[in-house]
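Enquirer: Next come a sequence and a model predicted from it.
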Amino acid sequence: MAAQTRLFPCRSDNYGVLLHDPETGATAAIDAPEAAAVEKALAQTGWKLTDILVTHHHADHTDGIMALKDKYKCRVVAPAAEAAKIPGVDETVQEGSKVKVGNLTGNVIETPGHTLGHIAYWFHADNLAFVGDTLFSIGCGRVIEGTMDQMWTSLKKLRDLPNETLIYCGHEYTAANIKFALSVDKDNAVLVAREAQARQQLAAGEPTIPTTIGDEKLANPFLRADVADLACDIGMAGKPANEVFAEIRERKNKF
Ligand code: ZN
Ligand code: FE
């Protein structure tokens with residue numbers, strides 16, 4: 001039976017998501033932004049929390065861990081490189097580690113940049129990827145701890161996932177991301193169409209995620225730093241992709 005997910009907004013602009021295996025009843029929270037919001041989603045679905053899969057150490061992804069662990073006795077899985085900064089960790093993982101949620105299997109992909117130990121969880125058989133604050137719809141995370149080159153390499157790893165992969169990210173930033181994206185890639189018809197779609201979704205009170213790798217490849221400027229037209233549009237024709245990426249990220253920081 002296929003995996004089920006439950007996405008819910010929390011805090012000011014975070015997303016929480018539950019991943020459920022209907023065969024075994026196992027349920028993982030991807031990050032724990034806020035215990036109350038996770039508990040509400042559990043109550044609405046009737047699912048019982050068995051695991052928390054942490055993407056990175058920031059408080060808006062980890063604040064709910066201890067309260068949930070105390071109540072549900074769930075297992076906490078976290079990146080080895082950041083385990084010391086994350087409360088309640090039971091199991092550490094790194095590039096290539098496999099994580100089971102019931103009978104569902106996730107692969108760990110290291111995506112340093114936003115933080116140095118940031119990881120994503122890719123459930124290949126279910127076409128799901130939980131990418132935390134590395135990749136956003138039409139955007140990417142701020143490069144806080146790592147280097148621009150690390151972030152570009154991490155984004156390329158995610159870009160290499162199959163086109164149909166559903167991407168669950170940590171925040172609802174899509175509208176602001178599109179505004180910026182149009183400033184560097186205004187002639188991109190796919191991006192223009194995405195703006196109209198996102199506006200409709202948000203007006204209806206719906207989330208703009210999940211997105212897919214296939215859609216992001218066509219419209220997310222941070223995944224298009226090696227597209228000649230885009231480099232040309234921002235006055236960097238012929239420059240290496242990592243430099244083009246860094247320039248786009250710097251412009252977003254100042255936007
Ligand atoms: Zn973060
Ligand atoms: Fe965050």
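Expert: Yep, it's here. Numbers count the residues shown, from 1 in each chain. Ligands and ions are numbered 1, 2, ... in the order given.
Enquirer: doesn't residue 210 make contact with residue 201?
Expert: No. Between residue 201 and residue 210 there is no contact under CB atoms under 8 Å: 11.7 Å. Where you see a C-beta, it was placed from the backbone N, CA and C, and this is true even at glycine.
Enquirer: Of those two, which one has the most company?
Expert: The neighbour comparison of residue 201 against residue 210 (other CB atoms under 10 Å) goes to residue 210, with 20 against 15.
Enquirer: for the closest residue to the more buried one other than its chain neighbours, which residues make a bridge with it?
Expert: Excluding the flanking residues, the one nearest residue 210 by CB to CB, 6 or more residues apart in numbering is residue 166, at 4.1 Å. Residue 166 has these beta-bridge partners by DSSP bridges: residue 128, residue 212.
Enquirer: shouldn't residue 11 be in contact with residue 31?
Expert: No. Taking contacts as CB under 8 Å, residue 11 lies outside contact range of residue 31: 10.9 Å.
Enquirer: okay, the two: which has more neighbours?
Expert: Per other CB under 10 Å, whichever of residue 11 and residue 31 has more neighbours is residue 31, with 29 against 16.
Enquirer: burial of the closest residue to that one other than its chain neighbours, as a residue count?
Expert: Counting by CB to CB, 6+ apart, residue 61 is the residue found nearest to residue 31 once chain neighbours are left out, at 4.0 Å. As a burial measure, residue 61 scores 24 neighbours (other CB under 10 Å).
Enquirer: wouldn't residue 61 be in contact with residue 32 here?
Expert: Yes. Shown here, residue 61 and residue 32 form a contact pair, counting by CB under 8 Å, at 7.1 Å.
Enquirer: Show me where the stretch 101-250 of the chain has its strands.
Expert: 104-110, 119-123, 128-132, 135-136, 139-140, 166-169, 211-212 (DSSP state E, counting those that start in this stretch).
Enquirer: Which one, of those, ends up nearest to ligand 2?
Expert: For these, proximity to ligand 2 was assessed by CB to the ion; strand 128-132 is nearest, at 7.2 Å.
Enquirer: Touching the closest one from outside, list them.
Expert: 3, 5, 17, 19, 30-31, 53, 55-56, 61, 106, 111, 114, 118-123, 141, 158, 161, 165-170, 213 (CB atoms under 8 Å, 6 or more residues apart in numbering).
Enquirer: buried subset of these?
Expert: Burial by neighbour count, judged by 16 or more other CB atoms under 10 Å, picks out 3, 5, 17, 19, 30-31, 53, 55-56, 61, 106, 111, 114, 118-123, 141, 158, 161, 165-170, 213 from the contacts of strand 128-132.
Enquirer: and the stretch 1-150 of the chain, which residues reach ligand 2?
Expert: 60, 133 (CB under 5 Å from the ion).
Enquirer: quick revisit: between residue 61 and residue 32, what contacts are shared?
Expert: Contacts common to residue 61 and residue 32, judged by CB under 8 Å, 6+ apart, are residue 54.
Enquirer: what about residue 136, how many neighbours?
Expert: So residue 136, with other CB under 10 Å, has 25 neighbours.
Enquirer: let me fix that: residue 254
Expert: Neighbour tally, residue 254, other CB under 10 Å: 5.
Enquirer: show me the contacts for it.
Expert: Taking CB under 8 Å, 6+ apart, one finds nothing in contact with residue 254.
Enquirer: Ramachandran angles for it?
Expert: phi -100, psi -10 (degrees, to the nearest 10).
Enquirer: From ligand 1, how far off is it?
Expert: Taking CB to the ion, to the nearest Å as the measure, residue 254 falls 20 Å from ligand 1.
Enquirer: Repeat that for residue 85.
Expert: Distance from residue 85 to ligand 1, by CB to the ion: 12 Å.
Enquirer: Need the phi and psi values for the nearest residue to that residue once chain neighbours are set aside.
Expert: Once flanking residues are discounted, residue 85 sits nearest to residue 57: 3.9 Å by CB to CB, 6+ apart. When read as degrees, to the nearest 10, the backbone of residue 57 gives phi -80, psi -10.
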